Each structure stands twice: as C-alpha cells, then as structure tokens.
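Chemist: This is the structure alone, sequence omitted:
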Ligand code: UDP
Ligand code: MG
C-alpha cells in the first residue's frame, strides 16, 4: 500500500519544515503499524516568490520520499493540487494544505475508511471556531448558494481528502481547464465517507486566499457546475414577455376607451412587444450556449469503478 500526500503551496517558507516533520511523524506511525508500506510526499510549489522552493529542494535532497513539482508561475491552489494529483503514484492519495490547518494525524482515520473499501474520504470541519467571523459567514453563504444553484458539494469540506487510485484515474479523464475540485469529486461518483476534524489555526504565515481570490473561486464553482444563472435569463424573459403581452392589451384598451393621444399606442406597443421578445430569445440563445458549454468541457461519459481481467488498471481488492 503506497500512500501519496500532495501538498500545494504558495509562499509558505514559514511552515514547510514544521509541516514536513509533523507529516513525517504521522507517516512513520502508519508504517510502523503496517498500514503503509511505501509513501511519497509530493510538494507542488505554485510559483512561490519566497524561499519555499529552496527549502523543498533541500528536503528532496535529504529524503527520496519527498518529491517536488515547481510550477512555472502562480496558477492557484486548485490547479496546483490538480498537478499533484496527476503526478502522484500512490494507491491512496491525500491532499493537504501546507499550513497545518488540516491536522495530518487525521490521515490515519482516512486510511481506515479506505481500507474498508471507500474510494473517497472527505475531511469535514466540525467547528469553525478558529476561523475569523468574516471567513465563517462568507463560507456558509458560499455553501448555501452553491446548494441553491444545484451544485453537489460536501458541506464544510475544503480540499482535505483521500482518494483511491481509481478516483485519480477517473479524474485524469476530466479535461476541463476551469477546474473546481470540490465539485468534481462528488461529480465523479464512487463510494465515499466523511471524517470530521477540528480545523486549527494557520501555523505560520498569512492566508494565501484574500477576498479577491475567494470571490474568483466561488464564481468559478458556480459557473463551472451550474446553468442556473443562464436559466435566470430564460426565466425572466418569459416573465417579461407575459407582462408585456398584458401591457399590449392594456394599451389597446386605453386607445379604444379614447384616453390616449394619437401616436401613443403605436409607439408603446412595439416597445413592450419587442422588449419582451428580445429577452425571451436572449434566454433561448442562452440555453443553447449552456449546452455548448457542457459539450466543450468534453467531460467523460462515465467513470469506471473496477475492471476484471481487462488489463490496465485493476481494482485494489
Ligand atoms: N495555495 C496555493 N496557491 C495559491 C494560494 C494558496 O498553492 O495561489 C496553497 C497554500 O499555500 C496552502 C493552501 O493552498 O497550502 C491553502 O491556502 P490558505 O491556507 O492560504 O487558504 P485558507 O486556509 O486561508 O483558506
Ligand atoms: Mg489555510
């Protein structure tokens, strides 16, 4: 059983050493108990501008179990994590933040579920007491809104999760560039379980997710998984068309009741009519754009859980 731990990081010189030693301790424990026979710690340097890469080079030189990918520039947490997932070789892969907010000790619980046959184990925060008030409120709003938009998400699950090799292979087939991992894993399917943990404070350094990045992240989530905003256009088009029809009738009524000056009816009716039609057809075009959008993503038609005597990837149990 080979365990991969993927750690995306951006300007984390202040924590890398601590993270590495705490993680090493956990892995040593797992190895001692025979839960893990081989491991790799794969750091993905997301274009750090501090001494992070230097530290990683040193760690890699001292331990062949430490692997490093350094991206050409800052691509963002999600893409850095994807790079790690696509380059790791473990039977089970855990993704972890570099700042020790997600306790590495939880990997043991995750592995236990994995050994019971679960393909995805989601780490979910039990309490957010240590997050700032602002972070808590915005996070809750985010999960609620995503739910309202029909996006399948695990509530309060960030990116601390274990996935099996089968899931990594399925993920490999997802070729979209607008990547929102928290939505992708529930979308992949497979059997899953949740383990709860208390999220700690960031060990050192500052958050790499300022409000600007948080908003971009939320927007990415909505627009890559939901057609609801587009539907809104068709829906309001329909409502406005119906309303404008009523207004047309009203304009005629006023004319025949003799309460209008000449020219009013013939001016106002086309305005209502064409306005309603405009929005309705805009919505209709939107529906097709939505379909095109889904097509160009080229999402795979299916994902395989296991195969037998077929060659290639076979399931672990
Ligand atoms: N991160 C990254 N690229 C970025 C921003 C963040 O790889 O552009 C990493 C960061 O180093 C950390 C993880 O993503 O390991 C989560 O970021 P952070 O802890 O700053 O976010 P928060 O916990 O404050 O939401
Ligand atoms: Mg953090």
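Modeler: Nice, thanks for sending it over. Note that the coordinates shown come from a computational prediction; the quantities given were computed from them, not determined experimentally. Ligands and ions are numbered 1, 2, ... in the order given.
Chemist: Now do the residue sitting furthest away from the middle of the chain, the pLDDT please.
Modeler: Of all residues in the chain, residue 258 has its C-alpha farthest from the mean position, at 61.3 Å, by Cα atoms, centre = their mean. pLDDT, residue 258: 87.
Chemist: Give me the secondary structure label for it.
Modeler: Secondary structure assignment for residue 258 (DSSP: H, G, I helix; E, B strand; the rest coil): coil.
Chemist: Tell me the spacing between it and ligand 2.
Modeler: Applying Cβ to the ion, to the nearest Å, the value for residue 258 to ligand 2 is 71 Å. For glycine as for every other residue, the C-beta is placed from the backbone atoms N, C-alpha and C.
Chemist: wait, what's in contact with that residue?
Modeler: Taking Cβ atoms under 8 Å, 6 or more residues apart in numbering, we find residue 258 in contact with no residue.
Chemist: How about residue 154?
Modeler: With Cβ under 8 Å, 6+ apart, residue 154 has these contacts: 122, 124, 182, 186, 194.
Chemist: Make sure I have this right: it is in a helix.
Modeler: No - counting by three-state DSSP, residue 154 falls outside a helix, being coil.
Chemist: count of neighbours near whichever residue of the stretch 101-250 of the chain sits closest to ligand 2?
Modeler: Here the stretch 101-250 of the chain gets closest to ligand 2 at one residue, residue 101, 4.2 Å apart by Cβ to the ion. Neighbour count of residue 101, defined by other Cβ atoms under 10 Å: 20.
Chemist: Ok, residue 34 next?
Modeler: 8.
Chemist: go on, residue 178?
Modeler: By other Cβ under 10 Å, the residues close to residue 178 number 12.
Chemist: Not counting sequence-adjacent ones, nearest residue to it?
Modeler: Nearest residue to residue 178, sequence neighbours excluded (Cβ to Cβ, 6 or more residues apart in numbering): residue 224, at 4.5 Å.
Chemist: part of a strand, is the residue of the stretch 101-250 of the chain closest to ligand 2?
Modeler: No - assigned with three-state DSSP, residue 101 falls outside any strand and is coil.
Chemist: on that earlier part again, ok, which pair from the contacts of residue 154 is furthest apart?
Modeler: Across these, the longest distance by Cβ to Cβ is 13.5 Å; it joins 182 and 194.
Chemist: Next, show the common contact partners of these two.
Modeler: Shared contacts of residue 182 and residue 194 (Cβ under 8 Å, 6+ apart): 154, 157.
Chemist: Neighbour count: the two, which is higher?
Modeler: Between residue 182 and residue 194, counted using other Cβ under 10 Å, residue 182 has the larger neighbour count: 22 against 16.
Chemist: The more buried one sits in which helix or strand?
Modeler: Element membership for residue 182, per DSSP states H and E: helix 181-188.
Chemist: So which elements touch that helix?
Modeler: helix 77-87, strand 120-125, strand 157-164, helix 165-172, helix 211-225 (3 or more Cβ pairs under 8 Å, 6 or more residues apart in numbering; DSSP states H and E).
Chemist: The same query, at a cut-off of 7 Å, please.
Modeler: If you count contacts as 3 or more Cβ pairs under 7 Å, 6 or more residues apart in numbering; DSSP states H and E, helix 181-188 packs onto helix 77-87, strand 157-164, helix 165-172, helix 211-225.
Chemist: TSV for those, including mean neighbour count, mean pLDDT and distance to ligand 1?
Modeler: Putting the helices and strands packed on helix 181-188 into TSV (neighbours: other Cβ atoms under 10 Å; pLDDT from 0 to 100; distance: least, Cβ to the nearest ligand atom, whole Å) gives the following:
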stretch	mean neighbour count	mean pLDDT	distance to ligand 1
helix 77-87	20	94	4
strand 157-164	23	93	7
helix 165-172	19	94	18
helix 211-225	15	84	7
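Chemist: re earlier: tell me the contacts of the residue nearest to residue 178?
Modeler: Applying Cβ atoms under 7 Å, 6 or more residues apart in numbering to residue 224 gives the contacts 176, 178, 180, 183.
Chemist: quick one: the nearest residue to residue 115 once chain neighbours are set aside and residue 107, what's the gap?
Modeler: Leaving aside its chain neighbours, residue 115 sits nearest to residue 35 (7.5 Å; criterion: Cβ to Cβ, 6+ apart). The gap separating residue 35 from residue 107 is 9 Å, by Cβ to Cβ, to the nearest Å.
Chemist: now swap in residue 173 and tell me
Modeler: 26 Å.
Chemist: So for these two, which residue has more residues nearby?
Modeler: residue 107 (28 against 14).
Chemist: Correct me if wrong: the more buried one contacts residue 25.
Modeler: No - with contact defined as Cβ atoms under 7 Å, residue 107 does not reach residue 25; the gap is 11.1 Å.
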